[in-house]
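A.B. asks: Fold the following, please.
(3 chains)
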Amino acid sequence: METREREFLEYVQSGGQVETDDWMPDEYRARLRKFIEMHGNSELMGVLPEREWILRAPTLQRKLALTAKVQDEVGHAQLIYRVVEDLGKPREECLDDLISGKSKFHNVFHYPTKTWGDVGVIAWLVDAAAIISQKALLKCSYAPYARIMKKICWEESFHILHGRDVILTLMNGTDDQRELVQEAVTRWWGPLMQFHGNPIPGEEDPMLVWRIKSQGNDEARQQFLDGYVPQIWELGLTVPDPKLRKDEETGRWHYTEPDWEELKHVVTGHGPRTGERLDLRRMARENSAWVRSVVLAEAA
Amino acid sequence: MIYEVFRQERKGQAFQHAGSVEAPDEAFAEWYAREQFGRRGESEALWVVAREAILPIEDFVDELNRNYHRVDGYPLKEKLKEARARAGTTAARDR
Amino acid sequence: MQERVQLLLEIADDELILGWRDSEWTGIAPFLEEDVAFSSIAQNEIGHARALYELAARELGTTADELAFDRAPEEYRCARLVELRLPSWEHTSARHYLYEEADALKLEQLKASDDAELAGLAAKIDREEVYHRMHAQMWFDRLENEPRFVAALDELRPLVGLRDGHTPELTELWEEMTMVRRSQPAGTTW
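C.D. replies: Below you'll find the model as predicted:
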C-alpha cells in the first residue's frame, strides 16, 4: 500500500472523516460508491412491495401512515443518489444499472408481499433489521453519507412504531388476524436472517476496514435477534427455527445457519419478484422520460 | 440544476447544510426543499441556494504562524510563576 | 341537515378518491423529488377527506372510516373526474390543475357559509390547498406548450363538475380499497 493510502487508512481508522472533494484512494472511492449506490437502489426497490398495500390499507390512518412511510423511502433514495452523484455517478446511470440488473439491491425487496400481515411484519421486523445496519453508518468515514444517515435514521423511527402498532392491533384482533401475522413472520424469517449478509471476519470486511460501516454482518444479526426475538415471542408468535435460542452465558444467539446460497441467488437477480419489479421500474421510467426531458434536462 | 438546502432546526440556531435537491428552477426547488427537509415540521426555516451561487473557500494561508491574535499565542504560566515569586505570594488556590 | 351531510360527503368523497388516485404515484413518479412532493399532496387530500368525514360522521352517528370504506360504490358522491385511473403524468397533471381550479371556487363558497364548523374547516383546508394550487400552476407553466398536456386538458375539462354517475373504475378502485377491510367482520380493528 502506498504511503498516502496508508495514511488515509490510519486517518479513517482513528475516526477521521472526509468530504466530497478530499483526496481518497481509488479503492475506497470505488467501494464506497458501490455500497452507497446499493443502499439507494434498496430504498427505491423497497418502495414497490409496500406501495401495493397503500391502495388496500383498511383505515384512513393506516393509509396515511403507509403512504408517508413509502414517501420517506423515496426521499431516502433521493438523498442517497445525490450523494452517489456527487461521488461521480449520475442518478440516471444508477437507475440504468439498477434496471439492467448490473447493480444490486437488498434481498428482502425481491420477495412478494402477500397479505396485510406482511405490511406489519415489514415495518416491524424488516425495517428493524435495516435500521440496525443504518445506525452502523452514522459514523461513516465519508461525511456526506454519515450526515444523511442521521436524517434517515430519524425518519425511520416512526416506521418501526407504525409497524409495531399494526402488528399489535392484529394480535389483539381476530384469530384470522393473528394468523396473518404468524404466517407472515414464518415466511419472512429466512430472508430476515440472511439480510445482514454472511459472516465475514472483521479484518476481511473492506466496509469495516475503511470505516464505511462500524459493525460487522454477524454483529448486526446478533443485535437484531437480541432486540426482536423477545418482541416476537412475547406476543405468542413462533419463529420457524427450532435451534433459535440465546446462550445466557455468552449472550450470543444460536440459530440454524441461514441459506447463503439462497441469498446469493436472490441478490444476483433471481428472487421471486425481481423481474416483475425491475420491469415496473423500467416501464414507469420509460413512460415518464418525456417529463424529465422537458423539466430537468432543459435547465441544464 | 442542483440546489443546496440549509436548515435551521430551532429559532436562534445556526443554519446547517441539510442536503440538496435537483430542480429546473426556483419554484420547483422551493417545493422540493420544503418537502424533503420540512414536511414533518422538523425545520424552523430553510435557505435554498443554487449550487453555482455558492462560493467555496478551502485554502487558508498562515505561513508565518500569526499566533498574536489567537489564544495559543499567549502562554503565561512561566511569567505568572516568576511574578508571584517576585511578590512573595502563592497562587490563590494554594492558600 | 341531510343537505349538509350530502355536501360534506360530496367533497369528502372527491378528496378521498382523488387522494387515492394521486397516492398511486408514490414510488413511481417521474423523478424522485416530485415523487415526494406529490405524495404529500395525496396525503393532504386524504387528510381533508378524513376531516370532512369526521364532521359528517358526528351527524350520522358513525365514524370517518365507516363512511370512507363501508358504503357501496353507488353510494359515493364523488365526481367522475376523480375516479379515473390516469397512469400518465400529462393526464394526472391536467386533472390536478383542473381539479384545484374548481376546488378553489368551492372552498370560497364554503368559507362564506353560515355554518361555522364547515366554514372553519374549509378555511383550514384552503390554507393547505394554497400549496396544491401553486404546485398545479408550477406544472402547468412547465407543460403548457407540450401537445400531450394540452390534449389531456382538453380531454378532461368537460368532466369538471360532472356528478352524473360513476365509472366502472370506481368499482374497481373500491374493490381494491376495501379488500382487506372486507376480509374480516364489520367492526374489526385494523
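A.B. asks: contacts and neighbour counts: CA atoms only from here.
C.D. replies: Fine.
A.B. asks: give me every residue that touches C:A51.
C.D. replies: C:L121 (C-alpha atoms under 8 Å, 6 or more residues apart in numbering or on different chains).
A.B. asks: got the contact list for the one helix or strand A:G117 maps to?
C.D. replies: Mapping A:G117 onto the secondary structure by DSSP states H and E places it in helix A:116-121. For helix A:116-121, the external contacting residues (C-alpha under 8 Å, 6+ apart) are A:50, A:53, A:57, A:113, A:163-164, A:166-167, A:177, A:180-181, A:183-185, A:188, C:180.
A.B. asks: Give me the residue ranges of the chain where confidence is low.
C.D. replies: In the absence of a named chain, chain A is used. A:297-300 (pLDDT under 70).
A.B. asks: not what I meant, chain B
C.D. replies: Low-confidence segments of chain B, defined by pLDDT under 70: B:90-95.
A.B. asks: how about the helices in it?
C.D. replies: B:26-38, B:77-87 (DSSP state H).
A.B. asks: got a winner among the contacts of helix A:116-121 for most neighbours?
C.D. replies: With neighbours defined as other C-alpha atoms under 10 Å in any protein chain shown, the most crowded of these is A:I167; it has 26 neighbours.
A.B. asks: residues in the stretch 201-300 of chain A within reach of chain C, list them.
C.D. replies: Within the stretch 201-300 of chain A, the positions adjacent to chain C are A:281, A:284-285, A:287-289, A:291-292, A:294-295 by C-alpha under 8 Å from any C-alpha of the partner chain.
A.B. asks: Which of those residues fall in strands?
C.D. replies: Per DSSP state E, strands hold no members of these.
A.B. asks: Show me which residues of the stretch 51-200 of chain A sit near chain C.
C.D. replies: Close to chain C, as judged by C-alpha under 8 Å from any C-alpha, the stretch 51-200 of chain A has residues A:51, A:54-60, A:64, A:67-68, A:70-72, A:74-75, A:77-78, A:116, A:166, A:169-170, A:173-174, A:176.
A.B. asks: Of these, just the buried ones, ChimeraX syntax please.
C.D. replies: The ChimeraX command for the buried members of those (criterion: 16 or more other C-alpha atoms under 10 Å in any protein chain shown) is given here:
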select /A:51,54,55,56,57,58,59,60,64,67,68,70,71,72,74,75,77,78,116,166,169,170
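A.B. asks: now, which of the residues of the stretch 51-200 of chain A next to chain C lie within strands?
C.D. replies: Per DSSP E, those never map to strands.
A.B. asks: From the residues of the stretch 51-200 of chain A next to chain C, which land in helices?
C.D. replies: Mapping these onto helices (DSSP H) picks out A:51, A:54, A:60, A:64, A:67-68, A:70-72, A:74-75, A:77-78, A:116, A:166, A:169-170, A:176.
A.B. asks: quick revisit: now, which of the contacts of helix A:116-121 sits nearest C:A68?
C.D. replies: A:A57 (11.7 Å; C-alpha to C-alpha).
A.B. asks: Name all residues that make contact with the closest one.
C.D. replies: A:63, A:66, A:116, C:177-178, C:180-181.
A.B. asks: So which of these is the closest to chain B?
C.D. replies: Nearest to chain B among the contacts of A:A57: A:L66, at 14.9 Å, using C-alpha to the nearest C-alpha.
A.B. asks: you'd agree that closest one is up against A:I54?
C.D. replies: Yes - if you go by C-alpha atoms under 8 Å, A:L66 and A:I54 touch, sitting 6.0 Å apart.
A.B. asks: ok, and the closest non-adjacent residue to C:W174?
C.D. replies: Once flanking residues are discounted, C:W174 sits nearest to C:P73: 6.6 Å by C-alpha to C-alpha, 6 or more residues apart in numbering or on different chains.
A.B. asks: dump the residue contacts of that neighbour.
C.D. replies: Here C:P73 is in contact with C:170-171, C:174 (C-alpha under 8 Å, 6+ apart).
A.B. asks: what comes up buried for stretch C:5-18?
C.D. replies: Applying 16+ other C-alpha under 10 Å to stretch C:5-18 flags C:5, C:7-18 as buried.
A.B. asks: any idea which helix or strand carries C:E155?
C.D. replies: Per DSSP H and E: helix C:147-156 holds C:E155.
A.B. asks: Ok, C:A68 next?
C.D. replies: For C:A68, the enclosing helix or strand under DSSP H and E is helix C:64-69.
A.B. asks: now do A:S214
C.D. replies: Counting by DSSP H and E, A:S214 is found in no helix or strand.
A.B. asks: And C:G165, by the same measure?
C.D. replies: Applying DSSP H and E, one finds C:G165 in no helix or strand.
A.B. asks: Relative to A:G40, how far out is it?
C.D. replies: From C:G165 across to A:G40, the span is 44 Å (C-alpha to C-alpha, to the nearest Å).
A.B. asks: Please identify which of the two sits among more neighbours.
C.D. replies: Using other C-alpha under 10 Å as the criterion, C:G165 and A:G40 rank with A:G40 on top: 29 against 11.
A.B. asks: I'd assumed A:V83 was in contact with that one.
C.D. replies: No - counting by C-alpha under 8 Å, A:G40 sits too far from A:V83 to count as a contact (9.5 Å).
A.B. asks: hang on, the earlier thing: quick one: which of the contacts of C:P73 sit in strands?
C.D. replies: Going by DSSP E, the strands hold none of the contacts of C:P73.
A.B. asks: Using ChimeraX, make a named selection holding only the buried ones among those residues.
C.D. replies: Those of these that count as buried under 16+ other C-alpha under 10 Å are selected in ChimeraX with:
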select /C:170,174
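A.B. asks: ok, of the contacts of C:P73, which one's closest to B:R40?
C.D. replies: Closest to B:R40 out of those is C:W174 (29.8 Å), distances taken as C-alpha to C-alpha.
A.B. asks: pLDDT value on the closest one, please?
C.D. replies: Looking at C:W174, its pLDDT is 97.
A.B. asks: repeat for the one 4 residues further on
C.D. replies: Reading off the confidence values, C:T178 has pLDDT 97.
A.B. asks: what about it, neighbour count?
C.D. replies: By the criterion of other C-alpha under 10 Å, C:T178 has 19 neighbours.
A.B. asks: give the contact list for it.
C.D. replies: A:56-58, C:69-70.
A.B. asks: Any regions of chain C where pLDDT drops low?
C.D. replies: Within chain C, the ranges that satisfy pLDDT under 70 run C:1.
A.B. asks: Tell me the residues on it that lie near chain B, please.
C.D. replies: By C-alpha under 8 Å from any C-alpha, the residues of chain C that approach chain B are C:33-34, C:36-37, C:40, C:135, C:138.
A.B. asks: And the strands in chain B?
C.D. replies: Counting by DSSP E, residue ranges of the strands within chain B are B:2-8, B:16-22, B:45-50.
A.B. asks: Figure out which of these is closest to chain A.
C.D. replies: Closest approach to chain A among the strands of chain B (C-alpha to the nearest C-alpha): strand B:16-22, 7.1 Å.
A.B. asks: what about C:E34, helix or strand, and which?
C.D. replies: C:E34 belongs to helix C:32-60 when assigned by DSSP H and E.
A.B. asks: Buried residues in that helix, which are they?
C.D. replies: Buried residues in helix C:32-60, counted by 16+ other C-alpha under 10 Å: C:32-57.
A.B. asks: Tell me the spacing between B:R7 and A:V83.
C.D. replies: In terms of C-alpha to C-alpha, B:R7 sits 18 Å off from A:V83.
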